[in-house]
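S.K.: Sharing a model that was predicted from the sequence below.
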Amino acid sequence: MAFATLAGCQQQQGGAPVASTTQYSSSDFDAIISRLNTNSVKWDGRTAVFGTDDVIPLWVADGDFAVANPIQQALLQRAQHPIYGYTRHPHELRQLLVNWQSQRHGWAIEPDWLVTMPGVVPTLYAAVKALTNEGDAVIVQPPVYTPFFSAVTDNNRRLLLNPLKNNDGHYEMDFEHLEQCAKQGAKLLLLCSPHNPIGRVWTRDELLKLIDISNRYDMTIISDEIHADLVYAPHQHIPLLSLDDLSDKLVTIFAPSKTFNMPGLGMAFMVASDPGLRAQLVSEFKTLHIESNNPFTLTAVQAAYAQGADWVDALLPYLAETQQQVIEFIHQHLPQIKVQSSEGTFLMWLDFSSLGLDDKKLHTFLVEQAKVGLSAGISYGKGGEEFMRLNIAAPRAMVLQALDQIKRAVNKLVL
C-alpha cells in the first residue's frame with residue numbers, strides 16, 4: 001500500500017530509526033512525511049490497534065503535518081546546548097498565553113489565573129479528584145472523548161450520562177435531561193468544547209444555559225478546550241470561563257498540542273480565575289507531583305505561541321478545504337454514509353449505520369476490506385454505535401485515497 005510504505009524514513013537493522021538532520025517545510029501541508037519507525041502511535045502502533053500495518057491510519061488525533069518552522073528551529077537550537085536539566089516556567093510564557101487568548105478569542109485573562117500542567121487528560125483526572133469525593137456523581141455527555149469516562153470511573157466516582165441529542169446529524173445538548181442529572185446531586189460536569197468527536201462548536205446561548213444550570217445546582221464545570229484554535233468560519237469558539245470571569249465554578253483547559261500539532265511534547269494550561277478554586281486544584285496537583293519541566297517542551301511551546309500564528313492561519317483553510325472535499329466525495333460516491341460538516345476540530349463523524357453492520361463487523365470491514373484505520377464510534381459511548389471518527393489532519397491525497405478505498409469496499413459489499 002502506498003501510504004503504508006512511505007519513502008523517506010531511513011531504518012537501520014533491527015528496526016531502530018536512523019538519526020536524520022532533514023528539516024521539513026511547514027508551508028506544504030500536501031507533503032508526505034514518513035513517520036515510520038519514530039515510535040508513532042498513529043503509524044507504528046497500527047498492528048496493535050488494527051491487527052495489521054496494512055491500513056491508512058486516520059484515527060488517533062494527531063496530524064501528519066510538519067510543525068511550524070520556528071518550532072523546528074527553536075528545538076534544534078536548544079538541542080545544541082548539551083545540558084538538559086530541570087527547567088523553570090518563565091513569566092514570558094504566561095504573557096504569551098495571555099496575548100494568544102486575547103488575540104485569538106478576545107478573552108482577557110490574568111497571568112496568575114494560569115496553572116501549567118503536563119496535559120489535558122492528567123488535568124481532567126486531577127480535577128475529578130480535587131473537586132469530588134468517592135461516590136460523587138460526575139456528568140459526561142456522550143458520545144465524547146474516551147478519557148472523560150475513565151477520569152470518572154478510575155477515580156471511583158459515579159458516572160452520570162447526559163447524552164447529546166442527534167437531530168439528523170446536528171448534535172445539541174439535552175438541557176432538560178441535564179437538569180435531571182444535576183438534581184441527582186452531581187458535583188461536576190466535564191465539557192468538551194469544541195466537541196470531540198462530533199465537531200460541534202457550542203454557541204454563546206448554549207454555554208450560558210449550561211452555566212445557568214451549574215449555578216442553580218452548585219455544580220462545577222471543567223471545560224476541555226484543546227481544539228479551541230481549530231474552528232471554521234462563521235463559527236467562533238467561546239472560552240467557557242470568559243462568560244463569567246469571576247466564577248468559582250468554571251475551569252477552562254487549553255493546550256498547544258492540537259493547534260500546533262505537537263501532542264507528543266505534552267503541556268496544557270488550566271485557567272481558574274477564582275483564587276479559592278485555583279488553590280483547591282493546585283493542592284491536588286501537588287499531591288500527585290504533577291509537573292511539566294521538559295526543556296524541549298518549554299522551548300517548543302514558547303516558539304509556538306510567539307511565532308506560530310501564521311502556520312495556524314495557513315492550516316485552517318487547508319483543513320476546511322479537505323473537509324469540503326470529503327463531504328463532496330461522500331455525497332457523490334458514498335451515499336450510504338452520512339456526514340455533516342464539523343464546525344471545529346480536524347475530526348469528522350461518519351454514520352455507517354445504513355450498511356447494516358454491527359460495530360465489530362464494521363471495524364473488521366474497514367480494516368480488512370477497505371484497509372483504512374478509523375476510530376470506532378462505539379468507543380465514545382452511547383450514541384456512537386455504527387459511527388466512525390475520521391481524522392483529516394493529513395495530506396489531502398492520503399485522506400482521499402482512504403475514502404476511495406472505502407468506496408471500493410462498499411461497492412463490493414452492496415453488490
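M.R.: Nice, I can see it.

S.K.: so residue 191, which of the three states?
M.R.: With DSSP: H, G, I helix; E, B strand; the rest coil as the basis, residue 191 sits in strand.

S.K.: got any ranges where the stretch 201-350 of the chain has weak pLDDT?
M.R.: Along the stretch 201-350 of the chain, segments meeting pLDDT under 70 span 292.

S.K.: if you set the cut-off to 80 instead, what comes out?
M.R.: Scanning the stretch 201-350 of the chain with the threshold set as pLDDT under 80 gives 290-293.

S.K.: Do a quick rundown of the strands in it.
M.R.: Assigned by DSSP state E, counting those that start in this stretch, the strands in the stretch 201-350 of the chain fall at 220-224, 250-254, 268-271, 338-339, 347-351.

S.K.: The last one pairs with which strands, and in what direction?
M.R.: Within its sheet, and counting by DSSP bridges, strand 347-351 is paired with strand 338-339 (antiparallel), strand 387-391 (antiparallel).

S.K.: The next helix-or-strand element following that strand - what's its average pLDDT?
M.R.: Using DSSP states H and E, the helix or strand that follows strand 347-351 in sequence is helix 359-364. Helix 359-364 shows a mean pLDDT of 97.

S.K.: roughly how far is helix 359-364 from the heart of the chain?
M.R.: Distance of helix 359-364 from its chain centroid, counting by Cα atoms, centre = their mean, to the nearest Å, is 24 Å.

S.K.: Which strands or helices does it pack on?
M.R.: Using 3 or more Cβ pairs under 8 Å, 6 or more residues apart in numbering; DSSP states H and E, the elements in contact with helix 359-364 are strand 375-376. In short, each C-beta sits where N, CA and C put it, glycine included.

S.K.: sorry, back to before: so for residue 262, which of the strands paired with strand 347-351 sits nearest?
M.R.: Within those, the stretch nearest residue 262 is strand 387-391; the backing value is 15.7 Å (Cβ to Cβ).

S.K.: Averaged pLDDT, that closest one. What do you get?
M.R.: On average, strand 387-391 scores 98.

S.K.: just to revisit the earlier point, looking at the strands of the stretch 201-350 of the chain, which is nearest to residue 261?
M.R.: Closest to residue 261 of the strands of the stretch 201-350 of the chain, according to Cβ to Cβ: strand 347-351, at 13.8 Å.

S.K.: quick one: which of the strands paired with strand 347-351 is nearest residue 241?
M.R.: Residue 241 sits nearest to strand 387-391 of all the strands paired with strand 347-351, at 27.3 Å, using Cβ to Cβ.

S.K.: List the buried residues for the helix or strand following the closest one?
M.R.: Later in the chain than strand 387-391, the nearest helix or strand by DSSP H and E is helix 396-414. Using 16 or more other Cβ atoms under 10 Å as the burial criterion, the residues of helix 396-414 that qualify are 396, 398-399, 401-403, 405-407, 409-410.

S.K.: May I see the residues you listed arranged in TSV, with pLDDT and distance to residue 149 as well?
M.R.: Converted to TSV, those look like this (pLDDT from 0 to 100; distance: Cβ to Cβ, whole Å):
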residue	pLDDT	distance to residue 149
396	98	33
398	98	30
399	98	28
401	98	33
402	98	28
403	98	30
405	98	31
406	98	28
407	98	33
409	97	31
410	97	31
